[in-house]
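# fold the following.
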Amino acid sequence: MNNYDNYFMGLDIGTNSVGWCVSYANYKVLKYKNNAMWVVSLFDPENQASDRRQHRCNRRRFDRRNQRISL
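Now for the predicted structure:
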């Protein structure tokens, strides 16, 4: 098929991944230069909020202590 007028692009956006695919109306995956046009990108999970919160609390605690000492 060389007719690129009727195609669909599907997106899948998740919390740790993003995927997309281009297909014809009959759900066959479109090819470009003999490569299927679909991609999945996985992301590394980030730090938990509790980890960031602990560092922030420690930094604020040390800042308050240094302010008390300087007074």
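# worst-scoring helix or strand of this protein, pLDDT-wise?
strand 31-32 (a mean of 84; mean pLDDT, DSSP states H and E).
# partners of that one in the sheet?
Partner strands for strand 31-32, per DSSP bridges, with pairing direction: strand 35-36 (antiparallel).
# where does the most far-flung residue of the chain relative to its centre land on pLDDT?
The C-alpha centroid of the chain is most remote from Leu71, which lies 46.1 Å away (CA atoms, centre = their mean). Leu71 carries a pLDDT value of 91.
# coming back round to it: so what touches the least confident helix or strand of the chain?
Outside strand 31-32, the residues within contact range by CB atoms under 8 Å, 6 or more residues apart in numbering are Met37. Heads up, the C-betas are built off the backbone N, CA and C, glycines and all.
# what helix or strand is Asp12 on?
Element membership for Asp12, per DSSP states H and E: strand 7-13.
# sweet, I'm off.
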